[in-house]
Structures are given as structure tokens and as C-alpha cells.
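Colleague: Sharing a model prediction with you, sequence too.
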Amino acid sequence: MDITYQFMIPILEYFHRMTNSYGWAIILLTLLVRVLVWPLVVKSTQSMQKMSQMQPMMKRIQDRYKSDPEKFQKKMMEFYSKNKMNPLGGCLPTLVQLPVLFALFATFSGPPFGDKAVDVKVNVVEKAKAAEVKKVEVSGNNSPYVATDGKIAKVVVFPGDAVVVEGDSLDFNTRSVEGELPKDFKVQWKMGNLNVKAGEVIPATIDQSGHATFLKAGEYHVQAIVPGIAKNEQFGPINGLGKVASGMDLLKPENFDLVVMILLFGATMYLSSKLTMKPPAPGDKMDEQQIIQQQTAKTMPIMLSAMFFFIPLPSGVYVYMVVSNVVQTLQTWMVMKGPMPEFVDVIDKDDDAPPPPSEGDAPKGKKKDASDSGKNGSGKDSSKDSAKEAKKADESVKKITVESDTGETISLSTGKRKVKKKKK
């Protein structure tokens, strides 16, 4: 399914008919996409927020079990499970969005905002290999075309990839496999890979009617350039939605609008990533992972912005990226201002704690916990009971005496003797 052709461009044309401006159509399409991916943004941002909040707890687990890797892995899995966390939770929503983002990029890079080439490969062989000559009916790739009346068509080149003998000619043309092309539709023909040095004979040529001649064996690429009708349309300070410039060309005054949009892209990207990072509490030291995240949040916008200074992209793409980043920053702020998640700590109730006393040692109806005796005073009561029992045992021993034949009684506890007078 071609998302660009079947969905993005028709929606873009609908907004264009509403506003009569391709610039506003880009903004409205971008806003629509950001609304559609809002649930994914919420899920991704909350996942990153949780991961940021979990860092101190993960550090505690690491410090507690650093000498026992197996126990460390077990506790980490328990921590993720009880807190319903997935380490890839922040990445999966972003991956789901990628097809939509690529379709948007293709929409703003080709017609109606920029020209797009439909490429056909031609292999030219020597006459001795004439048996290899063949042609494919149409080109394998295509390009959308948007007419001034808003009608959309899908353009291909015929014939497609071919093998011809050196000295032969081919007549190329275009046609629509979907939609209808206007009568005044024209493409620009060119050889895409010719590198001819001064004084050398040009090995292949093509005119603007599509007639190509191949004079020398080799591989050639015939290209039909499908025009973008809105590439010169102005939008506010942007003097061409299809304008492309890179490198030193950006220093020209007419391209300062591109420089401003590249800088805005970097600034909004940094702000969005900054919102997802939790600053450390006063006095706390950041661990290695937090330091890497902080550095990435600072360097990534700079690196991408610098990269765009050397990658030629149409102005319409920059409009989309800046507006998308602004909306994403607002969405991130809305998610981050919510309540912080609560976590289950797997260390407080650790299974490494001392085992509880046996059932016989615990009072009836009480938990078999050594801490209970300190809390409810049962330990003091048990000590008093033991003292009373010892005293009773001692008194019972004192009462045991032995009477001799002479009438004397001897106490076994004290050893005292007592003479009992006999009655007459």
C-alpha cells in the first residue's frame, strides 16, 4: 500500500482546496498527523518518564547486589514486572510511527513541492552479444503528479529497464498507471550518470522528446523528471516551498529562510528532549547512564542541525519538521506535567532478611516475627514467667527432706539438720 499516494497527497490536496495555500496545507496535515499519533506519544513519553524516575531505584539494586550478578538480574526482572515496565516501551511507539513519518517525508519531498526523477536502467552491450537484447514494459519505480486542478496521477516510464546493442536508439515516454494526466503534462529528460571529461565523445544522448541514442557499451540511467507545481510557491518569509539549498549556498541572502528553519528545528528538538529528562535532586550525583542521556539530549540536536546544512531538502520538509517539533514539545509538556508514577520497591521486602522464629516460639494468634516481642512487650512477660517457674522449682526443692533412724531430719537444699523429739 502506497501511503503517500493513497492518503497523504489526497489529504494535502483537500487542505489546499480549503486554504488555497500549500504552506497552510503542510501545517494542517502535520497537525492532523500529530493528533493521530497522540496516544503513541503519551505512551512513549510516559515510558521515558518512568525510566528516568527508576534510575535511583535501579542504582540501589545495583549497589545492593553488585557482588551477585544472578541475584541482580533476578531483582531487576522482579522490579520491571511489579512496576509493569518494559525497557523498550519508549522505542516501540516511535517505531510504529516510522511508516507515517517516511510517507510524510516523501510527500513533502516530491510533487507538488519538488521535482522527482523516475529512473530507467539501460545496459548497452557490444554487437557480439545481440542475443541479450530485451526490454521491460514499464519502469519499476514511479512518481505521483499533482496537476494545477488538484487531480492526482501516478507516472511511469515506458519502456522500462532494457538491454540494447551499442549504436541503437530508444524512444521513451510516460504514462499514468493510476489517475489521469492533463494534456499539457511534460517531463524533462536527462541522462542521470554521465561523467564526460572535456574533449571526450558523449557516449549517450537524449532529447526532450525522449529519443535516446547509445553509442558506447556501458550502463546508463535515463531519467524522467516529474515537475512539482508548488516548488516556487511562497509562504510567509519562505520564498519557495520546493527550494533546495545546502552547503555554501545557504550563505546566500535568498536562502536565509532555510538557515532560520534549520536552527528552529534544532532548538525545538532540544526543548522537547529536555522536557523528558528529570534533573537530579540537589546533592545527588548522576550515574553513568544519566550522564549519557544528558549529553545525548544536548549533542543530538546540534548534530542533526549540522547534518541538514549539508543535506539538500526542500523548504516544505523544513516547514513540516519545525511545526512537528513544536507540537511534539507541547504534547510532551502536557504529559510531563501530570503526576509522577509510584513504584514498588523490591529491596524493602527482600528475601535475604533473617528468617522468622519457629511456630512453637511465637505466641498463639501472633505472627512469628522476632520484632513482635519488641513491639508489644511479650518478651518481658515471658521473662517474668520464666523467673516465677524457677522460684517455684527452687521452693519445691527446699521442701524435700530426709529423716534418719535417730530422728534427725536433713534438708537436701540447705543441708541443715534438725532433731525431732520423740514422744514418750
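Modeller: Yes, it's here. Residues are numbered from 1 along each chain as shown.
Colleague: can we go C-alpha only for contacts and neighbour counts from here?
Modeller: Will do.
Colleague: where along the chain do the helices fall?
Modeller: Ranges of helices within the chain are 3, 9-19, 22-36, 38-64, 69-82, 92-109, 256-275, 288-308, 315-336, 370-376, 378-398, based on DSSP state H.
Colleague: wait, doesn't residue 265 sit right on residue 320?
Modeller: No - counting by CA atoms under 8 Å, residue 265 does not reach residue 320; the two are 9.8 Å apart.
Colleague: May I see the buried residues of stretch 53-66?
Modeller: 53-54, 57-58, 61-62 (16 or more other CA atoms under 10 Å).
Colleague: so can I have TSV of the residues you listed showing distance to residue 166 and pLDDT?
Modeller: Output for these, formatted as TSV (distance: CA to CA, whole Å; pLDDT from 0 to 100):
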residue	distance to residue 166	pLDDT
53	68	70
54	68	72
57	72	75
58	69	75
61	73	79
62	71	78
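Colleague: which of these lies closest to residue 34?
Modeller: residue 53 (26.1 Å; CA to CA).
Colleague: Give me the distance between the closest one and residue 65.
Modeller: Separation of residue 53 from residue 65 (CA to CA, to the nearest Å): 20 Å.
Colleague: do residue 51 as well
Modeller: Per CA to CA, residue 51 is found 20 Å from residue 65.
Colleague: who's in contact with residue 266?
Modeller: For residue 266, the contact set (CA atoms under 8 Å, 6 or more residues apart in numbering) comprises 301-302, 304-305.
Colleague: How many residues are close by the nearest residue to residue 186 once chain neighbours are set aside?
Modeller: The spatial neighbour of residue 186 that comes closest, neighbours along the chain excluded (CA to CA, 6 or more residues apart in numbering), is residue 226 at 7.7 Å. Number of residues near residue 226 (other CA atoms under 10 Å) recorded here: 27.
Colleague: between residue 265 and residue 320, which one's more packed in?
Modeller: Neighbours per residue (other CA under 10 Å) separate residue 265 from residue 320, with residue 265 holding more: 25 against 21.
Colleague: so what's the more buried one closest to, chain neighbours aside?
Modeller: residue 322 (5.0 Å).
Colleague: just residue 245 next, same as before
Modeller: Using CA to CA, 6+ apart, the closest residue to residue 245 is residue 312 (5.5 Å).
Colleague: Does the one you found touch residue 242 like I think?
Modeller: No - counting by CA under 8 Å, residue 312 stays clear of residue 242, with 10.8 Å between them.
Colleague: higher neighbour count, these two?
Modeller: residue 242 (27 against 13).
Colleague: give me phi/psi at the more buried one?
Modeller: Dihedral pair for residue 242: phi -110, psi 10, per degrees, to the nearest 10.
Colleague: State the distance from it to residue 298.
Modeller: Distance from residue 242 to residue 298, by CA to CA: 30 Å.
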